[in-house]
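The following comprises the amino acid sequence and a computationally predicted model.
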Amino acid sequence: CLLGWRWRELVPSDFAMDIQTLEERYIDRCRDCGVLPNPTILSGFFKAEVKKTRHELCILEIMLDRLKDIDFHPLLDVVVDIEASEIEAVDICNKSSGELKGEYALLLMRALNRKLRVVDLQDISLGKDFCRDLSSGGLTCEVLNMRASHFRKLSMVGKFSRMHTLNLDYSTSLTSFQKDCFACMPNLKFLSLCETRVANLWTTTAALSKLPSLVELRFQRRLPYEDAESYIESSSGNEDGRVGPFPEEPIMDIATLVNQNLISETMLNNLMTVANAIGTPELQREGEESSDDSEVDFSSQRQEYGFMHELTNAISEWTGRADAHDEVDYGASLSLSEEEFIGASSTNSSTNIASRYICRYASPICLKKHYREFMIASLPHLKMLDELPIRKNEREQAAATFSQYFEYLPYRRKAKENVLSILRNREIKENRSLAHTNKRKNTYPSGKSQCFYTRSLCAARVGSCPWPSLQPLSYSSSGDEALNFRPRQFEYHPSDSSLMVFGTLDGEVIIVNHENGKIVSCIPSYGAMSSVLGLCWLKKYPSLLIAGSDNGSLKLYNIQQLPPNNSGTYSGAGSVTFDDFDQLTSVHVNSADELLLASGYSKNVALYDINSGRRLQVFTNMHQEHINVVKFANHSPSLFATSSFDRDVKLWDLRQKPFLPCYSATSSKGNVMVCFSPDDHYLLASAVDNEVKQFRAADGKLLLDFGINPTGSSQNYTRSYYMNSRDYIISGSCDEHVVRICCAQTGRRLRDVSLEGRSSGSSMFVQSLRGDPHRDFNMSILAAYMRPSSKSEIVKVNLLASSDDTKEYSNGQNDPISNSLGG
C-alpha cells in the first residue's frame, strides 16, 4: 500500500491525471492491499466521468457510510493523487451509521486539501473524538453541513479559512458558543442554526461578531402561509431541497405550536431536556457516569434531527391531537403573536413582510423579546436574518429599539473603553488636582468623580467579558476533606466579605468562607428532617445569626461560640431557641437588631423580641393567602413589608399597630417575595412567572415594570434582588436557567446569565439568588438541576471576570425541592 504514495512524485506538475487512470490506480492499490474495490468508490468515478463529458463541474462524491476500515488505505493512496487530476472537487457525505472509524474519515478529508468542497455529515456515528478533532484541527472545505450534531458548546477553533457555509440545524444539544468559536472563519458568509437550544442573545452575538464576512444568519425558517401545507407534503421525502445556500431536511413544526400558545417557551425548553434524556436507560446511565467537561454531548442515543420525532407523542398529550403535522391552521391565528415570537421590526414595511410568513424550526433565542432588533443592532454587517432581508429603515428602527430596551454597557456608557486607558486618565486627573491644591479646592469636575472612574472601570470589564465567570461554591473541612451538602437558602455576611451562611434541605446550617471554600462552622440537624428556609444575620452584632426551618423551629446562633468546621460535637451552646412558628418560610431582623419577624404558610406574621427570645405578638389575617416573605426596612426599625400569594404587597408600621397597612400594591399574579432597596427608597416585588415591579416605598406608587417575558407556567416562581447597591436588579425563576440583570432606574436589560449543566439532559434552574453586597457586579445563585435526582449548588457569578478558566458544574444527587417557599 505504501508504494502508492510515490506516484505523485512521478506525475509532472503540468499534467492533469484523467479520471480513468485514477480509477485504475485505485483498483491497483486495492489489489496490492488484498481488498476488493469498493463499489461506491467505483460508482463515484463513473459519475465524475459523466459530469466531465457533460462539461459540468467534475465532482467526485465519497459516501463515508458505505466504506469500511479495510477500504481506507487504498482510497487514501489515491486521494493524494486527486490534487493533480481532472477531478475539480470532492464532496464527502455521511448520511447513516457506518463502519469507518472517525479518525480514518478525518484523514481522508484532510488529505484532499483544497479539492475538498462539501462535507455533509448527517450522522454522528463517527464519534466524539471525531467531532473534537474536526473542531480543533479545522478543514479546507467550502461547505460544512453537520445537521443533528452533538455539539453542546460549539468550539470550532481550528482553521476553516475556505469555508463560506456552515449548517448546524437540528443540533438539539447545542446551547452556546465558546469565546473564540468563530475566530478562524474569515470567509464564512452563511450560518444556519435552526432548532438548536441556543438562547442567550449576549453570548451569541459576541461569538458571531468574530465573523467579518457573515451576511446571512438563520435561527428559524420562514414559509409563506399559503405555501406551508403544500411545502410540508411535498418535501416530506425530499433530501435535496434547498433554500438559498442551506440544504434542508424538513421535519415537524414545533415553532408554530409555540406561536399558537399550544406550548410555552418553558414547555419547549423542558421538552428539549426530556428529549435529550430519551433513549435506552442503560445507555443514558452510562452517559451520565462518563460525563466530563466536553463540548460534545454523546450522553444519549437520539434519532436523526434530535428531539422532534421523539416528542410527537408528548406534544399530542398537551394539544389533544395525534398528528403533529396537522395541528396548525396556517391561515388562522398565527399573526396574533407574530411580533412577540419572531421579534419582528416595528416598522410598517418589515411587519407587513413578516406577517406573511410562518416560522418553523425555531431555536429558543427566537422567542426572546426584541430578538430580531437585538441581532440586527449587534451585527451591523448582517444582510439577511431568518430568510428576511434587513433594510435600512429596519436597521435604524432596530438601533432605536436596542437603545430603548437594552444597555450596551453598564451605567449607560456608549462605547467600550480600555481599562489601562481609564486608569491612566484617572492618574493624570489626580496628579493635576494635587498640583493645584494650593490654588483651588481639590474637587473632581462634573462627571469625573471617583465614582465615575469606578463605574467606568466596571463598564470596561463587563464589556470585555461577555462570558462571565461562573464558579460553583466548593467547601471542605479543615483537613481538606470535600463535603457534600444540599443547599436550600443562603445569605452573605453583612460586614465580613469572605463569609456566607447557607442552610440545607437536611436541616444543617453551614458557615463557610466562600473565598477559599473552608467551612468555618457546621451546625448539624437535630430531630425530624427539616429544610432551612429562613436565614438572617444581625447587623450590629455580626456574630449573631437567625435560622428558621420549615418544621417551625427558630434559633439564634453565635458563630463565635460554635465548634469549628464539621467536628460534629455541637451541643447547643451559643444558641437561643424561640417559640416555634409552624410552616415557616421567612425570617427577618430589623435594623436595630431588636425585633424579629417570621412568616410562613399562613396569613399571620409573628413578632419576637431578640434579647429575651419571647414572642411578643402574632398579627393575624394580614393577607387573604399565605405570606411567603416578610422584610424589615434596612434603616427604619419599625417599617416592614409582606408579600403574599393573594397578589398584594403591603407596607406596615409597628408604631401604628399593624392592623391596617400603610398601603397595598397589587400584582396580577401571586407575589413570591419583596425586598427594600438598600437605601429604602424602593420596594422590589416579584410575582409568579417573571412579573417584577419596582414601587416607591413612601407611597406604593408603581415606578417601573421590568417587562420580563412570562413563560405561561403558574409554577414559575420568580425571585429578584438588588445588586450594586440599588443600581441594578437581578431576577431568576425556578422554571428557567437564566438570570436577568436590569438597570433599576430605566428597566433596560444589561445581560442575561445562563446556567448550564454538564450535559444537555441536565439543565439547571434558579432556586434563589443574591447580589454580593461587598463586590460590584458579583452575585451568587442557588441553582438546581432539572432532573429530580441531581444536586443543588451555589454558583458564584463574577461579571467582571471571564469564564475562560472556569470549569462547568459537576453532576450529583438531590431530591425534589419545593420551589415556591422562602426568598
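Great, that's in hand.

For the stretch 451-600 of the chain, just list every one of the strands.
468-472, 487-492, 499-504, 509-513, 518-523, 532-537, 544-549, 554-558, 575-578, 584-589, 595-600 (DSSP state E, counting those that start in this stretch).

Which stretch among these approaches Ser803 most closely?
Between Ser803 and these, the tightest spacing by Cβ to Cβ is seen for strand 468-472, at 5.2 Å. From N, CA and C alone the C-beta is placed, and that goes for glycine too.

so what strands line up beside the closest one?
Paired strands of strand 468-472, with direction, are strand 792-802 (antiparallel) (DSSP bridges).

List the buried residues of the partner strand.
Across strand 792-802, burial judged by 16 or more other Cβ atoms under 10 Å covers Ser792, Glu793, Ile794, Val795, Lys796, Val797, Asn798, Leu799, Leu800, Ala801.

now do stretch 358-372
Quick answer for stretch 358-372 (16+ other Cβ under 10 Å): 358-368, 370-372.

Where does pLDDT dip in the stretch 201-350 of the chain?
Scanning the stretch 201-350 of the chain for pLDDT under 70 picks out 225-350.

mind checking the SS state of Glu49?
Using DSSP: H, G, I helix; E, B strand; the rest coil, the structure places Glu49 in helix.

related to what we said a few turns ago, make TSV out of the strands of the stretch 451-600 of the chain and add mean pLDDT.
As requested, the strands of the stretch 451-600 of the chain are exported to TSV (pLDDT from 0 to 100):
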stretch	mean pLDDT
strand 468-472	93
strand 487-492	96
strand 499-504	96
strand 509-513	95
strand 518-523	91
strand 532-537	96
strand 544-549	95
strand 554-558	94
strand 575-578	88
strand 584-589	96
strand 595-600	97
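
just so I know, which of these lies nearest Ala199?
strand 468-472 (15.6 Å).

C-alpha coordinates for that closest one, PDB please?
Extracted C-alpha coordinates of strand 468-472, given in PDB (Å, rounded to 0.1, in the frame of the first residue of the first chain):
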ATOM      1  CA  PRO A 468     -18.800  35.900  32.800                       C
ATOM      2  CA  SER A 469     -17.100  33.700  35.300                       C
ATOM      3  CA  LEU A 470     -19.400  31.100  36.900                       C
ATOM      4  CA  GLN A 471     -17.800  29.100  39.700                       C
ATOM      5  CA  PRO A 472     -19.700  26.500  41.900                       C
END
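
all helices for the stretch 51-200 of the chain, in order.
72-79, 102-111, 128-137 (DSSP state H, counting those that start in this stretch).

nearest to Cys184, of the ones you listed?
Using Cβ to Cβ, the nearest of the helices of the stretch 51-200 of the chain to Cys184 is helix 128-137, at 10.4 Å.

What angle do helix 102-111 and the closest one make with each other?
30 degrees (axes from the mean of the first three to the mean of the last three Cα atoms, to 10 degrees).

Could you check helix 128-137 and say which residues are buried?
Lys128, Phe130, Cys131, Arg132, Asp133, Leu134, Ser135.

Give the closest residue to the fifth one in space, chain neighbours not counted.
Across the structure, with Cβ to Cβ, 6 or more residues apart in numbering as the measure, the residue nearest Asp133 apart from its sequence neighbours is Leu106 (5.7 Å).

Am I right that the one you found is in contact with Phe130?
Yes. With contact defined as Cβ atoms under 8 Å, Leu106 reaches Phe130; the gap is 6.1 Å.

quick revisit: among the buried residues of strand 792-802, give me the pair with the biggest separation.
Ser792 and Leu800 (25.6 Å).

Report the contact partners of Ser85.
Ala16, Met17, Asp18, Ile19, Thr21, Leu22 (Cβ atoms under 8 Å, 6 or more residues apart in numbering).

try it again with 6 Å
Listed by Cβ atoms under 6 Å, 6 or more residues apart in numbering, the contact partners of Ser85 are Met17, Leu22.

And for Thr642?
So Thr642 contacts Met622, Ile627, Val630, Lys650 (Cβ under 6 Å, 6+ apart).

how far does stretch 19-36 sit from the chain's center?
Computed by Cα atoms, centre = their mean, to the nearest Å, the chain-centroid distance of stretch 19-36 equals 52 Å.

list the buried ones in it?
Buried residues in stretch 19-36, counted by 16+ other Cβ under 10 Å: Ile19, Leu22, Glu23, Arg25, Tyr26, Ile27, Asp28, Arg29, Cys30, Cys33, Val35.

what's the closest of the residues you listed to Val688?
Among these, and counting by Cβ to Cβ, the member closest to Val688 is Val35, at 66.4 Å.

Now the closest residue to Ser602 other than its chain neighbours: phi and psi?
Among residues not flanking Ser602 along the chain, His626 sits closest, at 5.6 Å (Cβ to Cβ, 6+ apart). Reported as degrees, to the nearest 10, the phi and psi values for His626 are phi -70, psi 150.

His626 contacts Tyr601, doesn't it?
Yes. His626 lies in contact with Tyr601 (Cβ atoms under 6 Å); the separation is 4.7 Å.

returning to what we had before: including distance to Asp689 and mean pLDDT, could the helices of the stretch 51-200 of the chain go into TSV?
Below are the helices of the stretch 51-200 of the chain laid out as TSV (distance: least, Cβ to Cβ, whole Å; pLDDT from 0 to 100):
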stretch	distance to Asp689	mean pLDDT
helix 72-79	56	91
helix 102-111	45	92
helix 128-137	38	89
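
how close does Lys369 get to Phe406?
10 Å (Cβ to Cβ, to the nearest Å).

make that Asp69, sorry
53 Å.

The two: which is more packed in?
Phe406 (20 against 10; other Cβ atoms under 10 Å).

For the residue lying closest to the more buried one once chain neighbours are set aside, which residues count as its bridge partners?
Spatial nearest neighbour of Phe406, chain neighbours left out: Arg749 (5.2 Å); criterion: Cβ to Cβ, 6+ apart. Counting by DSSP bridges, Arg749 is bridged to Phe406, Cys742.
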